[in-house]
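Chemist: Return atomic coordinates for the entry below.
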Amino acid sequence: MSKQNRQARAAAAIAQQKRAERNRRLGITGAIVVVVAAVVAGLVWYSLGGSSSDSAVAGAASAKVDDTSLVVGPDSAKTKVTIYEDFQCPYCRQFESQSRDFLREAASDGKAQITYKPFNLLTQDDYSARALSAFATVLDDGTAKQALAFHDKLFDEQPYENASDKPDTTQLRDWAKDSGVTKASVLDAIGPVDKSYVTKVTQAAVGAGVQGTPTILVDGKPLSGSSISDQADQLEEMIKKS
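Modeler: Prediction:
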């Protein structure tokens, strides 16, 4: 073996060792992050009480469609909550993950009625509009139960805001299937952006004075807070006291 080849092999071995060490460090760090995230998720799950699946099932029983909105909970509920959201908004996903279980249980118990009003705020690419259009298809031609499950799925599987490989039509259809949609005409309609629907609900949100997402109204009044967690906590306390 020539000196040049030995040097090349040595350099390659050193590089491989460095990569292995880097991967080991990343693996340890990743494991720590996963453990911490699991603990935090467990604490959030515990603080909200009950499992996501149980609350989703309970909420689905009272779900109904009201024009372009998805409503969960009875009209007789003392507290009316309206949520303006964007399926690509990371803060909306945070609020959803922190408040979903409690809100669904409150709706199931007749304490609160939640009205979801998704619209297209984020326009750096077309994913927000495509996800919204897919939701509209299920909302219009599927069932309220399917629409609620699909609403949750879109947030649970939300891509990173700046990702270059956003979910395509096939993925959106698969998520709809996972949400219980079986009707071929509904699945086939998922894909193209429904510009008229997107414009309609977005203009309605702007007309209502919505300037960002999530915007939460409680009995018609905006819910303020220093953070998403603060808003979720405030909302829970307000419903408990109602």
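Chemist: Any regions of this structure where pLDDT drops low?
Modeler: Applying pLDDT under 70 to the chain flags residues 1-59.
Chemist: Asp126 contacts Val193, correct?
Modeler: Yes - assessed by C-beta atoms under 8 Å, Asp126 is found in contact with Val193 at 6.3 Å. Just so you know, the C-beta spots here come from the backbone N, C-alpha and C atoms, and that holds for glycine as well.
Chemist: center of this protein, which residue is that?
Modeler: In the chain, the centroid-proximal residue (C-alpha atoms, centre = their mean) is Phe155; its distance is 1.7 Å.
Chemist: before we move on, the earlier item: more neighbours, Asp126 and Val193?
Modeler: Val193 (16 against 13; other C-beta atoms under 10 Å).
Chemist: which residues does the closest residue to Asp140 other than its chain neighbours contact?
Modeler: Nearest residue to Asp140, sequence neighbours excluded (C-beta to C-beta, 6 or more residues apart in numbering): Val65, at 7.9 Å. Val65 is in contact with 71, 139-140, 144, 147, counting by C-beta atoms under 8 Å, 6 or more residues apart in numbering.
Chemist: Also Gln94?
Modeler: So Gln94 contacts 228-229 (C-beta under 8 Å, 6+ apart).
Chemist: how far away is it from Ala136?
Modeler: Taking C-beta to C-beta, to the nearest Å as the measure, Gln94 falls 24 Å from Ala136.
Chemist: now swap in Ala144 and tell me
Modeler: Where Ala136 is concerned, Ala144 sits at a distance of 13 Å (C-beta to C-beta).
Chemist: domain parsing for the protein?
Modeler: 1-48, 50-241 (automatic domain parsing).
Chemist: just to revisit the earlier point, isn't there a helix covering the residue nearest to the centre of the chain?
Modeler: Yes - judged by DSSP: H, G, I helix; E, B strand; the rest coil, Phe155 forms part of a helix.
Chemist: That one: what's it in contact with?
Modeler: Contacts of Phe155 by C-beta under 8 Å, 6+ apart are 87, 92-93, 96-97.
Chemist: Spatially, which two of these are the most separated?
Modeler: Phe87 and Ser97 (13.7 Å; C-beta to C-beta).
Chemist: ok, those two, which is more surrounded?
Modeler: When neighbours are counted by other C-beta under 10 Å, Phe87 and Ser97 differ, and Phe87 comes out ahead with 27 against 19.
Chemist: Touching, the more buried one and Ala129? I think so.
Modeler: No - if you go by C-beta under 8 Å, Phe87 and Ala129 don't touch, sitting 9.4 Å apart.
Chemist: after whichever strand or helix holds Val201 comes which helix or strand?
Modeler: In this assignment (DSSP states H and E), Val201 forms part of helix 195-207. Per DSSP H and E, the first helix or strand lying C-terminal to helix 195-207 is strand 215-218.
Chemist: Name the residues that touch the helix or strand that comes right after that next one?
Modeler: Using DSSP H and E, the next helix or strand after strand 215-218 towards the C-terminus is strand 221-222. Identification of contacts with strand 221-222 by C-beta under 8 Å, 6+ apart yields 215-216.
Chemist: What segments of the protein are helices?
Modeler: 3-48, 52-60, 90-108, 127-141, 144-156, 169-178, 184-189, 195-207, 228-241 (DSSP state H).
Chemist: Which positions within the last one qualify as buried?
Modeler: Neighbour counts over helix 228-241 (16 or more other C-beta atoms under 10 Å) mark 228, 231-236, 239 as buried.
Chemist: before we move on, what about the shortest one?
Modeler: By neighbour count with 16+ other C-beta under 10 Å, helix 184-189 contains the buried residues 186-187, 189.
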